[in-house]
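Participant: Here is a sequence with its predicted model. Questions after.
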Amino acid sequence: MTSSPTVHDASPVPDVFDPRQYATGVPHDAYRVLRDHHPVARQDEHEVLGWPAGPGFWAVTRHADVVRVLKDSATYSSHIGATQIRDPDPDDLPFIRRMMLNQDPPGHGRLRRLVSRAFTPGRVDRFAGLAQARAHTLLAHALDAARAQDGTVDLVTAVTDDYALLNLADLLGVPEADRGLLLHWTQRVIGYQDPDESGPQVRDAEGRPVNPRSPAMLRDMFDYARQLAAHKRRYPADDVMTTLAHDAELAGPELEMFFFLLTVAGNDTVRSAAPGGLLALAEHPEAYACLREGRVQLDSAVDELLRWHPPVLTFRRTAAEDTELAGRRIRAGDKVVVFHASANRDERVFTAPDRLDLSRSPNPHVSFGDGPHVCLGAHFARLQLRVLYRETLRMLPALRAAGPPKRLVSNFINGLKSLPMRIT
């Protein structure tokens, strides 16, 4: 199947690859230019932040095309080159392909079925009370500290980082003493383009940066996963790692990869979405007031805030065969990158997409993806966001920024490193 040809004009194609530009905000103006004039646009993959140049890729920015790519795993493969824009080291690719995220059907379906046994809605729903108590405690401590000082608080470091991390640790069954490891691993893998998050850059013998997803860089995480699984076999509990550790169909390396995926993706989805949603509400005080007064349903607000601030900016696929997309010829082996934040602002799908409408319906955002790889933890993420926003609404009459947010340097994750708020 091919899409209708699109007329491409000669206007300049904006660069949406460079991760440094995302530190000042998502480039929505550039996305709009691409959607209107170059919906499938060739992007240079230049050297940046010490990472070598790559062969370039196709940027897919319209909602319909993004959904088509995500749903068509036969044409647009997660397995061939994995799912990050940068090509992995060829020696690392077989290892990286073992992750469920980097597989295609039918292998992907088998792994998803296995992990779904542990990640049931019933198990997730039982965390609602615990998440509510945690949100209340974190917010109360943050407000007390702010009132005892200058009236300001960083909601990222005081609330949302710990909220996402501790909820995930409880679901997985990670002992309290080890929970700081989850944040360290998340920062190292997700924030590798950001000097504040990645730590000292590790280089190989030829002076090239070492991919944080390489076997060498993940050895400590995998060692821990094996130890935790062994502990859960001896001392079972009602948690995800116990279920995975006792699953006879799940090989040891597969369990380790699941731990990696759940630790990093499971943590960072909420870690990025929560402060982004709070920032949007601070920037739209009338919307916050509507929520507090009950004039808007929280469930629809959660999805609109996810549309407004998707936690993931991009995912890559690789063309498995020659094809056509929006009038562009795509060759087998080409990298095809979908831009979630652009799709979520597509005027062809959303009425007034640059207006925050907490009662928006329908709201077919792609913040959790689409197709076979749609986010397995979407239910857990929505629950956590709903609980956190409800507690915030109850405890804070208004959200007022005390300064600009500090954003992650990344073309992959839409993260906030700091969100200063003034408490009244």
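Facilitator: Nice, I can see it. Numbers count the residues shown, from 1 in each chain.

Participant: okay, CA-based contacts and neighbour counts for the rest of this
Facilitator: OK.

Participant: so where do the strands sit in the stretch 151-300 of the chain?
Facilitator: 152-154 (DSSP state E, counting those that start in this stretch).

Participant: can you map out the helices along it?
Facilitator: For the stretch 151-300 of the chain, the helices defined by DSSP state H, counting those that start in this stretch cover 155, 161-172, 179-190, 195-198, 215-234, 240-245, 252-283, 285-292, 298-308.

Participant: what does the lowest-mean-pLDDT helix or strand in the chain rub up against?
Facilitator: Least confident helix or strand of the chain, by mean pLDDT, DSSP states H and E, is helix 195-198 with a mean of 75. Here helix 195-198 makes contact (Cα atoms under 8 Å, 6 or more residues apart in numbering) with Q187, R188, V189, G191, Y192.

Participant: coming back round to it: ok, and which of the helices of the stretch 151-300 of the chain has the densest surroundings?
Facilitator: helix 240-245 (a mean of 24; mean count of other Cα atoms under 10 Å).

Participant: That one: how far from the chain's middle?
Facilitator: 23 Å (Cα atoms, centre = their mean, to the nearest Å).

Participant: do stretch 306-322 as well
Facilitator: So, by Cα atoms, centre = their mean, the centroid of stretch 306-322 is 10 Å from its chain's centroid.

Participant: on that earlier part again, redo the contacts of helix 195-198 as JSON lines? Include distance to D91 and pLDDT.
Facilitator: Formatted as JSON lines, the contacts of helix 195-198 follow (distance: Cα to Cα, whole Å; pLDDT from 0 to 100):
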{"residue": "Q187", "distance to D91": "24", "pLDDT": "84"}
{"residue": "R188", "distance to D91": "21", "pLDDT": "83"}
{"residue": "V189", "distance to D91": "18", "pLDDT": "85"}
{"residue": "G191", "distance to D91": "23", "pLDDT": "79"}
{"residue": "Y192", "distance to D91": "20", "pLDDT": "78"}
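
Participant: out of those, which one sits closest to L250?
Facilitator: Closest approach to L250 among those (Cα to Cα): V189, at 24.2 Å.

Participant: What degree of burial does the closest residue to the closest one other than its chain neighbours show, as a neighbour count?
Facilitator: Distances taken as Cα to Cα, 6 or more residues apart in numbering place P212 nearest to V189, at 5.4 Å, with adjacent residues excluded. Neighbours of P212 under the rule other Cα atoms under 10 Å: 18.

Participant: do I413 as well
Facilitator: 23.

Participant: H309 is in contact with that one, correct?
Facilitator: No - the pair I413 / H309 is not scored as a contact, 10.5 Å apart, by Cα atoms under 8 Å.

Participant: State the number of residues packed around F315.
Facilitator: Quick note: F315 (other Cα under 10 Å) scores 21 neighbours.

Participant: neighbours of E321, just the number please.
Facilitator: 15.

Participant: what kind of secondary structure is it in?
Facilitator: coil (DSSP: H, G, I helix; E, B strand; the rest coil).

Participant: In contact with it, which residues?
Facilitator: T75, R331, A332, G333 are the contacts of E321 under Cα under 8 Å, 6+ apart.

Participant: do the same with Q132
Facilitator: Counting by Cα under 8 Å, 6+ apart, Q132 has contacts V387, L388, E391.

Participant: okay, those in TSV with neighbour count and pLDDT next?
Facilitator: Formatted as TSV, the contacts of Q132 follow (neighbours: other Cα atoms under 10 Å; pLDDT from 0 to 100):
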residue	neighbour count	pLDDT
V387	21	98
L388	26	99
E391	19	98
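
Participant: Just the residues you listed: which are in helices?
Facilitator: V387, L388, E391 (DSSP state H).

Participant: Nearest to G276 among those residues?
Facilitator: So of these, ranked by how close each gets to G276 (Cα to Cα), first place is L388, at 12.5 Å.

Participant: Spatially nearest residue to that closest one (excluding sequence neighbours)?
Facilitator: A135 (5.6 Å).

Participant: and the one you found, what element?
Facilitator: helix 128-148 (DSSP states H and E).

Participant: Quick one: work out the angle between that helix and helix 161-172.
Facilitator: 160 degrees (axes from the mean of the first three to the mean of the last three Cα atoms, to 10 degrees).

Participant: what does the average pLDDT come to for helix 128-148?
Facilitator: Regarding helix 128-148, the rounded mean pLDDT is 96.

Participant: CA atoms only: put it into CSV for me.
Facilitator: This file holds the C-alpha atoms of helix 128-148, laid out as CSV (Å, rounded to 0.1, in the frame of the first residue of the first chain):
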residue,chain,number,x,y,z
ALA,A,128,-3.6,3.3,43.3
GLY,A,129,-3.9,3.7,47.1
LEU,A,130,-0.1,3.4,47.5
ALA,A,131,0.5,6.0,44.7
GLN,A,132,-2.0,8.4,46.3
ALA,A,133,-0.2,8.2,49.7
ARG,A,134,3.2,8.6,48.1
ALA,A,135,2.0,11.7,46.1
HIS,A,136,0.6,13.2,49.2
THR,A,137,3.7,12.6,51.2
LEU,A,138,6.1,13.9,48.6
LEU,A,139,4.0,17.0,47.9
ALA,A,140,3.6,17.7,51.6
HIS,A,141,7.3,17.5,52.2
ALA,A,142,8.0,19.7,49.2
LEU,A,143,5.5,22.3,50.4
ASP,A,144,6.8,22.3,53.9
ALA,A,145,10.4,22.8,52.7
ALA,A,146,9.4,25.6,50.4
ARG,A,147,7.5,27.5,53.1
ALA,A,148,10.4,27.1,55.4
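
Participant: That helix: which residues count as buried?
Facilitator: A128, A131, Q132, R134, A135, H136, L138, L139, A140, A142, L143, A146 (16 or more other Cα atoms under 10 Å).

Participant: Can you check the distance spanned by stretch 153-165, start to finish?
Facilitator: Stretch 153-165 has its terminal residues 19 Å apart, counting by Cα to Cα, to the nearest Å.

Participant: Kindly apply the preceding question to stretch 243-251 instead.
Facilitator: Note: stretch 243-251 ends 13 Å apart using Cα to Cα.

Participant: what's next to it, contact-wise?
Facilitator: L114, V115, R117, A118, A229, A230, K232, R233, L255.

Participant: what's the closest non-adjacent residue to the first one?
Facilitator: Right, L114. L250 (7.4 Å).
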